[in-house]
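> Test case, fold it:
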Amino acid sequence: MKIFKSTVNNKSASFRANKESMMELVDKLNSFLKISNIQGNEIALKRAKERGKSPTRDKLIKLLDKNSPFMELMPLAGLNHENGFGPGGTTIAGIGFVHKKLCIINANIGTKKGGVVDFATSLKNLRISQIAMENKLTTINLVESGGANLPDQDRVFNNYGSMFKEMSKRSKDGIITISIVFGNATAGGAYVPGMSDYTIMQKDQAKVFLAGPPLVKMATNEDANDEELGGALMHSNLSGVSDFIAEDEDEAIKIAREIVDTNIIDKSLEKLKDNNPPIYDKEEILGIIPSNLKTPFDIRDLIVRFVDDSKFIEFKSTYGLTMKCGWVKINNHKIGICASNGVIFSESAKKATQFIQLANKSNIPLLFIHNTTGFMVGKRHEQKGIINHGAQLIHAVAGSEVPHITLLVGNSYGAGNYAMCGRSFEPRFLFSYPNVKSGVMGAEQLAGVMEIIKINSAQKLKKKIDKRKLNREKKNLILQAEEKASVWHTTSEVMDDGVIDPRDTRSYLKICLEIIYKEKIIGSKSFGTFKM
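Numbers count the residues shown, from 1 in each chain. Next up, the predicted model:
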């Protein structure tokens, strides 16, 4: 078996230019992440402090095991939403260690718009539910939310309902949800603690009700105060919604940790050590990926900078060269890699199809790495059966039952995105580098196609072509398409689970594989029809 050896020259001009370009994008990413870390305005934070409340991120630190990693998810959801509540919405979501057990945590930011759920937050909640279900992860909700944002109610309504359905399905399957209520949980927000397997309420702070005093007065003409309607004492003594009552935040978090320790049977894990790290420097990843995505590069140079001992055992190394397939380990966990290394030809598709079947037979999870503009087009390729071979690959990805992780590192266009397990094919986790572009096709190709269609249409109708107007429309279309293809747009729409610094690739994959290997992996032994 062939093991790839990297020959990257980190002193070359192209390497330095690539690194400089990527660092600019990483700086941009960090500037957005800094905004997403804002937990409300100064007035809201001051008011919370006066009431003895800690900021949400401080509560997270108390909940998680000391000095353990926390993989934050979708921190830039809603980044470009005009009427949203800013990047990340009103919740902090991620996966971390609680009593040495991997848990998914969904923490409302009560000091940011009262924790009210805008559209981006509702998308984020749905994705969190999906991740919890697929990976059988205990969910811990830190609750302080005024329910749905009413101006967004038409878009949030169904997403909220789906979230409750997923909570119920997880409970049915024995996947536990724990809710700690630190403040208001009103209207739809009341069903989160109401539907949880375990509910903890903080005395004098938790208020859980379907309707507050003003709405009750309007609806029933009944006078009632917050405590009578939904206080922690009432729910602990009378309604039974609360399972545990806590004197303060610290006790509430301590109870949640004890529930995890007592009731979650997952294997306990020490904080993640880095076993068998790569021999190549992860910093070099910044200079490997070209600043111009049209420039080809060898994706194996990237792979060997995040896998154990930098060993990539390649499958069919001299066949289908624009698809690199092989076996690696990441922190001692086996995983197969399918990495697109340019446009996908018939041979590339056939190789990946075979490799996916082999991974399933051996019960080995798969990592799909995207850098492709899609499948090769043209008369010769159509006649050679590119549609059949592309369809085989899509069948294989759709029929594969081993866990999938997807990493976008460059271009990800058209059916190439589907065939490489893009978002619509529901990988367990999907992360993007800050240089990524994706969509139906590239901006220039899209604008060029539309230009040809307009010219042909005008000629058929025997109309005069206004070339200046056509050029203006083409330029505008390129700008619009570039904006929509940008990773900042796709992450804003929750088309990935986060944009990451390329140097952190191994850290993210280590946690993903710890989650995946919690359960026994069983692959598919049969697939959809492969039309040869």
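> burial count for the spatially closest residue to K311 that is not a sequence neighbour?
Distances taken as Cβ to Cβ, 6 or more residues apart in numbering place I3 nearest to K311, at 5.5 Å, with adjacent residues excluded. Heads up, the C-betas are built off the backbone N, CA and C, glycines and all. Using other Cβ atoms under 10 Å, I3 has 13 neighbouring residues.
> Tell me which helix or strand comes right after the helix with the most length in the chain.
In the chain, with assignment by DSSP state H, the single longest helix is helix 13-36. The element immediately downstream of helix 13-36 (helix or strand, assigned by DSSP states H and E) is helix 42-50.
> got any ranges where the stretch 301-450 of the chain has weak pLDDT?
Residue ranges of the stretch 301-450 of the chain with pLDDT under 70: 440-443, 445-450.
> just the helices in it please.
Ranges of helices in the stretch 301-450 of the chain, per DSSP state H, counting those that start in this stretch, are 346-361, 379-383, 386-399, 414-419, 443-460.
> do you know which of these lies nearest A132?
Closest approach to A132 among the helices of the stretch 301-450 of the chain (Cβ to Cβ): helix 386-399, 22.7 Å.
> which residues touch V156?
Residues near V156 by Cβ atoms under 8 Å, 6 or more residues apart in numbering: V117, D118, F119, S122, A148, N149.
> The second one contacts L150, doesn't it?
No. Taking Cβ atoms under 8 Å as the contact criterion, D118 and L150 are not neighbours in contact, 10.4 Å apart.
> Could you check which of these two has the larger neighbour count?
Ranked by neighbour count (other Cβ under 10 Å), D118 and L150 place D118 first, with 25 against 11.
> show me the contacts for that one.
By Cβ under 8 Å, 6+ apart, D118 lies in contact with G78, H81, N83, G84, F85, G89, T90, N149, D152, V156.
> Out of the residues you listed, the closest to L321 would be?
Nearest member of these to L321, counting by Cβ to Cβ, is G78, at 40.2 Å.
> Check the gap between the spatially closest residue to that closest one that is not a sequence neighbour and I299 for me.
Computed as Cβ to Cβ, 6+ apart, the closest residue to G78 that is not its neighbour in sequence is A120, at 2.6 Å. Using Cβ to Cβ, to the nearest Å, one obtains 32 Å as the distance from A120 to I299.
> Those two - which one has more neighbours?
A side-by-side neighbour count of A120 and I299, using other Cβ under 10 Å, places A120 first with 29 against 22.
> got a list of what the more buried one touches?
Each residue near A120 by Cβ under 8 Å, 6+ apart is listed here: A77, G78, H81, G84, F85, G88, G89, S492, V494.
> so is it in a helix, a strand, or just coil?
Secondary structure, DSSP: H, G, I helix; E, B strand; the rest coil: A120 is helix.
> Could you check how far it is from L408?
Per Cβ to Cβ, A120 is found 20 Å from L408.
> cool, M420 as well?
Taken as Cβ to Cβ, the span from M420 to L408 is 9 Å.
> if I look at these two, which residues touch both of them?
Taking Cβ under 8 Å, 6+ apart as the contact rule, M420 and L408 both touch I369, H370.
> Just the CA coordinates for stretch 355-362, please, in PDB.
The C-alpha trace of stretch 355-362 is given here as PDB (Å, rounded to 0.1, in the frame of the first residue of the first chain):
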ATOM      1  CA  PHE A 355     -14.300   2.900  -1.900                       C
ATOM      2  CA  ILE A 356     -17.600   3.800  -0.200                       C
ATOM      3  CA  GLN A 357     -18.800   0.200  -0.600                       C
ATOM      4  CA  LEU A 358     -15.600  -1.100   0.900                       C
ATOM      5  CA  ALA A 359     -15.900   1.300   3.900                       C
ATOM      6  CA  ASN A 360     -19.400   0.000   4.500                       C
ATOM      7  CA  LYS A 361     -18.300  -3.600   4.300                       C
ATOM      8  CA  SER A 362     -15.600  -2.900   6.900                       C
END
